[in-house]
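# I would like to see how this sequence folds:
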Amino acid sequence: MSPGRGSDKLWPLYNQRLVLRVIRSTISLWETVQVITTVCLNSTSRKFTENCRSADISELRLEDGNVIWADVSDPTSRDFEELAEEFGFHHLSIEDCRNAHQRPKVEEFSGYYFIVLYEAELVGETDRLELRELNIFLGKNYLVTVHSRPIRAIETAKRLWHEWTDRAEQGSGLLAYLLIDAIVDDYLPLLDIVSERMDDLEDSIFGEWRAEVIEDIFTIKKKLLYLRRSITPLRDVFNTMLRREQPIFPRETHVYFQDVFDHLIRVADTIDSLRDMLSSTMDAYLSVSGNRMNKIMKRLTSISTILMSVTLIAGIYGMNFDLMPELKWRFGYVYALLSMVAVGVALYIYLKKVKWI
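Residues are numbered from 1 along each chain as shown. As a prediction, this is how the structure comes out:
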């Protein structure tokens with residue numbers, strides 16, 4: 001449209017329509033990105049209701065037999081406010097959710113547990129250890145998971161939850177078991193990989209020598225330290241939940257958490273064993289390194305001894321005194337050289353015999 005008097009009057013109306021289109025498209029795009037994914041299982045009918053609206057959570061919680069799982073990915077401040085308002089979470093647990101890098105722990109609040117734990121994974125060609133934090137709100141008929149990065153165990157737990165509908169009467173405790181057990185069990189294959197790396201290091205120490213082995217040892221040592229910090233506090237988590245100070249889930253669920261606790265003890269013991277083996281590997285490296293240094297020093301000492309003996313002969317005949325008869329001999333020079341060679345060869349044979357060379 002060419003500019004003119006008529007078109008000037010239409011421009012404000014056109015701009016308003018353009019702004020409205022942008023706002024509508026933005027709202028539509030925001031609605032397609034689901035930050036909170038909610039799934040509901042009715043333990044009576046054993047039917048799932050996928051992608052429940054946040055506005056329907058209150059009604060679903062009031063129905064007997066319903067178990068709700070709300071998964072919150074990369075939440076905003078508004079999402080935290082909605083969670084606190086909908087489920088009545090204490091502001092201290094919400095604050096811990098906002099502030100990442102919390103220590104693995106469990107805290108008891110009125111009507112629910114707040115749990116913090118970490119999923120571990122080795123990523124990249126260098127097997128870099130990545131720990132992803134997961135916050136769990138465990139109530140009587142609901143489970144709320146909050147995380148800023150993707151958690152693999154969530155997909156595993158969802159799949160198993162759909163397969164274990166025959167145990168739906170276990171409620172939210174069964175769902176929490178499936179999720180936490182998937183996270184704990186993922187530590188074992190990871191530790192197997194670390195163990196294989198340690199075997200490779202031992203082969204490098206006693207086989208083809210590499211000075212970079214010490215760096216690899218400290219890298220693995222740091223990984224085991226981070227894993228131990230992520231696993232060891234979880235013992236307190238399950239000790240608290242097994243005491244059943246809050247009747248959130250039925251007593252039958254107790255055996256499931258006992259199973260996870262046993263897996264947790266196994267993982268912790270494996271980490272401690274690997275740390276002990278790594279200390280032995282470090283001692284072996286230092287011992288082999290010291291032996292290599294001793295061999296080098298022996299060789300240098302042997303070479304110095306031979307050169308010093310030859311130099312002694314050269315020094316004696318290099319003093320140039322007048323009354324040294326060998327200086328007037330016709331074959332004195334040849335005699336001195338042969339003496340040097342004979343002494344050097346004799347010392348070499350002796351040092352070779354005592355394995356210094």
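
# what's the neighbour count on residue 104?
As a burial measure, residue 104 scores 19 neighbours (other Cβ atoms under 10 Å). The C-beta positions use only the backbone N, C-alpha and C, and glycine is treated the same way.

# domain-wise, how is this structure divided?
35-289, 294-353 (automatic domain parsing).

# run the chain-centre distance for the last one.
If you compare the mean C-alpha spot of domain 294-353 with that of the full chain, they lie 62 Å apart, counting by Cα atoms, centre = their mean, to the nearest Å.

# tell me the pLDDT of the residue nearest the centre of the chain.
Centroid-nearest residue in the chain, with Cα atoms, centre = their mean: residue 129, separated by 3.3 Å. As predicted, residue 129 sits at a pLDDT of 92.

# then residue 221?
Here, the pLDDT recorded for residue 221 equals 92.

# helix or strand: which one has it?
Assessed by DSSP states H and E, residue 221 sits inside helix 213-231.

# from the contact counts, what lies against that helix?
strand 112-123, strand 128-139, helix 187-206, helix 254-316 (3 or more Cβ pairs under 8 Å, 6 or more residues apart in numbering; DSSP states H and E).

# most neighbours per residue, which of the domains of the chain?
domain 35-289 (a mean of 16; mean count of other Cβ atoms under 10 Å).

# quick check: the residue nearest to the centre of the chain vs residue 163, distance?
31 Å (Cβ to Cβ, to the nearest Å).

# now do residue 306
Per Cβ to Cβ, residue 306 is found 78 Å from residue 163.

# over to residue 201?
The spacing between residue 201 and residue 163, counted by Cβ to Cβ, is 41 Å.

# what do you get for residue 337?
Residue 337 sits 91 Å away from residue 163, going by Cβ to Cβ.

# now for the residue nearest to the centre of the chain: which residues touch it?
120, 121, 122, 223, 226, 227 (Cβ atoms under 8 Å, 6 or more residues apart in numbering).

# which one is the fifth one nearest to, not counting chain neighbours?
Beyond its immediate neighbours in the sequence, the residue positioned closest to residue 226 (Cβ to Cβ, 6 or more residues apart in numbering) is residue 129, lying 6.0 Å away.

# and what of the last one?
Nearest residue to residue 227 in three dimensions, chain neighbours excluded: residue 271, at 5.6 Å (Cβ to Cβ, 6+ apart).

# again, but for the second one
The shortest distance from residue 121 to any residue other than its chain neighbours is 5.2 Å, reached at residue 130 (Cβ to Cβ, 6+ apart).

# that neighbour contacts residue 151, doesn't it?
No: Residue 130 is not in contact with residue 151 according to Cβ atoms under 8 Å; the separation is 11.5 Å.
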